[in-house]
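Student: Sequence first, then the predicted structure, then my questions.
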Amino acid sequence: MSPRLPDFLAQPFSPIQFAIQPYVPLGGITFLYGKTRVGKSPLTWEMGRCVAAGEPFLGLYPVTQGRVLYCDLDTAPALVQTRLALIDSPPADFFIEFPGVRNLMQAATQDYFKKLYAEVQPTFVILNTLRKLYSGDEKDASLPSRIYAILLTLFPSAAVMVVHHDKKSSGNPEDTSDPDEAFSGHMAWLNDCQVGLHLTPAGGHVPGLLRLWHSKSQVSSEEPPHTLQLSQNGTQLALYTAQKATAVMSVYVQCPIGMSKTDKVRLISQQLGFSERSVWTYLSRLPDETPLQPLQSETPIICKDRLQ
């Protein structure tokens, strides 16, 4: 017999656990989507690095430290190696795989991932990109639930993130469709996941700024959007605020001429209490001897937000 509502509400349930709280739940699917080349790969690398190293994501969000399995189905290994080689102190518990299999509906593909999961025993699995994992019509409403069910069976105790592309722009300036529905394929890809994340360009006058939107969550309240700074080499991300940028640049312009950028980063980190990684990200677009004026703190970063 089904329980009465008071009895159901009194039942003890284990709290939801996260690889990255609240963005990446263990035992669930996180759906990350954005335009091609917007910065989805660097975002997943940073998320994976934080979990593998046991560092809070963006310095804010707690992680469950554990092994990370990054499966790249979209890019040649040599190109990925070139970019990942630029990351400082890559953690040993970050594993990378380039699967030769493609169709999750096939037994051979499922056996491949089962063996991989048993070998690595990851806490966090990243699959880049989703479209390379299945064949057929991505607008089939039944496909997302089937793909997600297979993934949760293959990686039963891990947090799973799938990366997907936004659909191509219609080019119609009068297009009023919901930006949260901008990904390619059927809306069920977002409906059937536990968490949705949307990465977009931030706009404004500062190069390399992105916006991370918490577009859906079944496991927590939705976080406000964050502005992120992508490093010039396209590998690292840091939380961006105009105030933080002002503070970093104010110290930077006071550094002695001839001081190396490494020493400047160390000095700024010590004076402001920011991590060296985030300082590097802010300064990555500057040559060693760029003459700069401090940013004006009263000048806001202008972003074209979807919530206006």
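Tutor: Noted; the coordinates are in hand.
Student: Please count neighbours and contacts with C-alpha atoms only from this point.
Tutor: Noted.
Student: in the protein, which strand has the most residues?
Tutor: strand 209-217 (DSSP state E).
Student: can you give me the offset of that one from its chain's centre?
Tutor: Centroid separation for strand 209-217 versus its chain: 9 Å, with Cα atoms, centre = their mean, to the nearest Å.
Student: Could you pull up the mean pLDDT of stretch 85-98?
Tutor: Across stretch 85-98, pLDDT averages out at 90.
Student: what about that stretch, how long is it end to end?
Tutor: Length of stretch 85-98, first residue to last, Cα to Cα, to the nearest Å: 17 Å.
Student: just the helices in the stretch 201-308 of the chain please.
Tutor: For the stretch 201-308 of the chain, applying DSSP state H, counting those that start in this stretch gives helices covering 242-252, 261-272, 276-283.
Student: any chance of the ones you listed in a markdown table, with distance to Asp88 too?
Tutor: What follows is those, written out as a markdown table (distance: least, Cα to Cα, whole Å):
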| stretch | distance to Asp88 |
| --- | --- |
| helix 242-252 | 20 |
| helix 261-272 | 13 |
| helix 276-283 | 8 |
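Student: just those: most buried one?
Tutor: Mean neighbour counts were compared across the helices of the stretch 201-308 of the chain using mean count of other Cα atoms under 10 Å; the top stretch is helix 276-283, at a mean of 21.
Student: quick check: mean pLDDT across that helix?
Tutor: For helix 276-283, the per-residue pLDDT averages 81.
Student: for stretch 208-215, same thing?
Tutor: 94.
Student: Restrict that stretch to CA atoms and write it as PDB.
Tutor: Extracted C-alpha coordinates of stretch 208-215, given in PDB (Å, rounded to 0.1, in the frame of the first residue of the first chain):
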ATOM      1  CA  GLY A 208      37.500  36.300 -22.800                       C
ATOM      2  CA  LEU A 209      34.500  36.900 -20.500                       C
ATOM      3  CA  LEU A 210      31.900  34.100 -20.300                       C
ATOM      4  CA  ARG A 211      28.600  33.600 -18.400                       C
ATOM      5  CA  LEU A 212      27.700  30.400 -16.700                       C
ATOM      6  CA  TRP A 213      24.000  29.900 -16.200                       C
ATOM      7  CA  HIS A 214      22.400  27.400 -13.800                       C
ATOM      8  CA  SER A 215      19.500  26.800 -16.200                       C
END
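Student: oh, and call the first residue 15 from now on, that's how I've got it
Tutor: All set: I'll call the first residue 15, so the last point we hit is now stretch 222-229.
Student: what does it rub up against?
Tutor: The contact list for stretch 222-229, computed with Cα atoms under 8 Å, 6 or more residues apart in numbering, reads 37, 52-53, 194, 209-217, 236-246, 254.
Student: Which of these fall within strands?
Tutor: Per DSSP E, those map to strands at Val209, Gly210, Leu211, His212, Leu213, Thr214, Pro215, His240, Thr241, Leu242, Gln243, Leu244.
Student: Verify the stated contact: Gly210 with Leu204.
Tutor: Yes. Counting by Cα atoms under 8 Å, Gly210 touches Leu204, with 6.3 Å between them.
Student: Touching both of those two, which residues are there?
Tutor: Phe45, Lys230.
Student: Name the nearest residue to Gln79, ignoring sequence neighbours.
Tutor: Gly68 (4.5 Å; Cα to Cα, 6 or more residues apart in numbering).
Student: And that neighbour, how close does it get to Ser235?
Tutor: From Gly68 to Ser235 the distance is 23 Å (Cα to Cα).
Student: same question, Arg63
Tutor: 25 Å.
Student: between the two, which one's more packed in?
Tutor: Higher neighbour count among Arg63 and Ser235: Arg63, with 24 against 10, using other Cα atoms under 10 Å.
Student: Wait, that one touches Ile110, no?
Tutor: No. Counting by Cα under 8 Å, Ile110 is not a contact partner of Arg63; they are 11.7 Å apart.
Student: picking up where we left off before, contacts only, for the residue nearest to Gln79.
Tutor: Counted by Cα under 8 Å, 6+ apart, Gly68 has contacts Val77, Thr78, Gln79, Gly80.
Student: out of those, who's nearest Asp125?
Tutor: Distances from Asp125 to the contacts of Gly68, taken as Cα to Cα, are shortest for Gly80 (23.1 Å).
Student: Ser171 falls within a strand, correct?
Tutor: No. Assigned with DSSP: H, G, I helix; E, B strand; the rest coil, Ser171 falls outside any strand and is coil.
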